[in-house]
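Q: What would the 3D arrangement of this be:
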Amino acid sequence: MAPIPIISPINVGHIDDVIELSKTKPDTIPQRFVRDITERPTIATTPANNHHHHMPIIDFSNLSKHNTHELFLHELLNLATACKNWGFFQVVNHGVDLNLMESIEKMSNEFFMLPLEEKQKYPMLPGTIQGYGQAFVFSEDQKLDWCNMLALAIEPQHARNPNLWPKKPEKFR
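A: Numbering: from 1, shown residues only. As a prediction, the model looks like this:
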């Protein structure tokens, strides 16, 4: 019989809450958030200097099956280029109602303004990507992004974890 492997939990060390940390107006940034000089972008490597002067815009309606094959492929190439060269992009013509987007933004802002104790009821556990906290943290030596996030799975439905959906603000659910 093969030995049973010992599975150790991921040790991510202490992670400061960025919102709480910023409220203290620290004189220095904790080293956990400071990247080595070799990891920082330079003027020569920023997207604005790589043949683009504006954030890429992806027209989601061009990715519809109702468009020509050429238009679809052109927008798909734009999307691939935006991902490769920028790592992000703006989406237009997505069909999501503006009132819904504004409501989601309002609820998100209300959630992030809650006391830390309330937000910590929905922790993003090490090695996972749902809940409140920092995503993709795998070691205590890892540099962290200057952010807090609340990530919730919606689709596919079996990936949803209702225990991580905040009860406050009340309209969040």
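Q: going forward, measure contacts between C-alpha atoms and count neighbours the same way
A: Noted.
Q: This protein: helices as residue ranges?
A: Assigned by DSSP state H, the helices in the chain fall at 18-23, 69-85, 98-112, 116-119.
Q: Nearest to Arg173, out of the ones you listed?
A: Arg173 lies closest to helix 98-112 among those, at 9.5 Å (C-alpha to C-alpha).
Q: circling back: okay, the helices of the chain in TSV with distance to Phe33 next?
A: As requested, these are exported to TSV (distance: least, C-alpha to C-alpha, whole Å):
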stretch	distance to Phe33
helix 18-23	10
helix 69-85	24
helix 98-112	20
helix 116-119	19
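Q: Make TSV out of the ones you listed and add distance to Asn62 and mean neighbour count.
A: Below are the helices of the chain laid out as TSV (distance: least, C-alpha to C-alpha, whole Å; neighbours: other C-alpha atoms under 10 Å):
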stretch	distance to Asn62	mean neighbour count
helix 18-23	38	12
helix 69-85	6	15
helix 98-112	20	13
helix 116-119	38	14
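Q: Of all the ones you listed, which one is nearest Asp141?
A: When those are compared by C-alpha to C-alpha, helix 18-23 sits nearest Asp141, at 17.3 Å.
Q: Return the closest one as PDB; C-alpha atoms alone will do.
A: Output of helix 18-23 as PDB, limited to C-alpha atoms (Å, rounded to 0.1, in the frame of the first residue of the first chain):
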ATOM      1  CA  VAL A  18      -5.600  47.300   2.100                       C
ATOM      2  CA  ILE A  19      -8.700  49.500   2.900                       C
ATOM      3  CA  GLU A  20      -7.900  49.300   6.600                       C
ATOM      4  CA  LEU A  21      -4.200  49.900   6.000                       C
ATOM      5  CA  SER A  22      -4.900  53.000   3.900                       C
ATOM      6  CA  LYS A  23      -7.100  54.500   6.600                       C
END
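Q: quick one: contacts of that helix?
A: Contact partners of helix 18-23, identified using C-alpha atoms under 8 Å, 6 or more residues apart in numbering, comprise 116, 146-148.
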